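[1] Provided below are the primary sequence and the corresponding predicted coordinates.
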Amino acid sequence: MFVPLNRHILVKREENEEPVNDRSFVLPDDYEKSKDPYEVVEVLAVATDCHISVVVGNKIVVERSMVNTIKCDNKEYDLVLENYVYGAMKD
C-alpha cells in the first residue's frame, strides 16, 4: 500500500476515453486534442501533514500538469502537492 508523505495527496484520475470515430482526414500519429488545463480527481489518501481539509473520497480540482505519476512495484500512483489544489467539489 502506498502512503503519501510531505504534504502530497494520492489521487485517482478519471478515465475519459473518447470513442474512435472513422475520420475523413488524416492526423499525425502523435496528435492529441487539447485538454482543459484543470481536472477533477478523487482523493485516495492524504499525507498526515497536509493543512487542507480533504478526506478520502472527496473530489478536488487540480491543474492537470501538476499531477505527478510515479511507478513503484509495477504500479502507477498519481500524486499532487496540496499547494496545487484549487478547490473541492460539493454536491
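    Good, I have the coordinates.

[2] So in terms of bridging, what pairs with the spatially most central residue of the chain?
    With distances taken as CA atoms, centre = their mean, the residue of the chain nearest its centroid is R13 (4.2 Å). Legend: beta-bridge partners of R13 under DSSP bridges are V41.

[3] ranges for the helices of this protein?
    When assigned using DSSP state H, the chain turns out to have no helices.

[4] Low-confidence stretches in it?
    Counting by pLDDT under 70, the chain contains low-confidence ranges at 16-24.

[5] show me where it has strands.
    In the chain, the strands defined using DSSP state E lie at 8-13, 38-46, 59-63, 68-72, 75-81, 85-88.

[6] Show me what the first one is in contact with.
    I take that to be strand 8-13. Residues from elsewhere that reach strand 8-13 (CB atoms under 8 Å, 6 or more residues apart in numbering): 2, 4, 39, 41-47, 50, 54, 60, 62, 67, 77-82, 85. Every residue, glycine included, has its C-beta placed from N, CA and C.

[7] List the buried residues of that strand.
    Within strand 8-13, the residues that qualify as buried by neighbour count (16 or more other CB atoms under 10 Å) are H8, I9, L10, V11.

[8] Let me have those in CSV, extended by distance to Y31.
    Converted to CSV, the buried residues of strand 8-13 look like this (distance: CB to CB, whole Å):
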residue, distance to Y31
H8, 32
I9, 32
L10, 31
V11, 27
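
[9] Which of the residues you listed sits closest to D91?
    D91 has its nearest neighbour among the buried residues of strand 8-13 in V11, at 18.9 Å by CB to CB.
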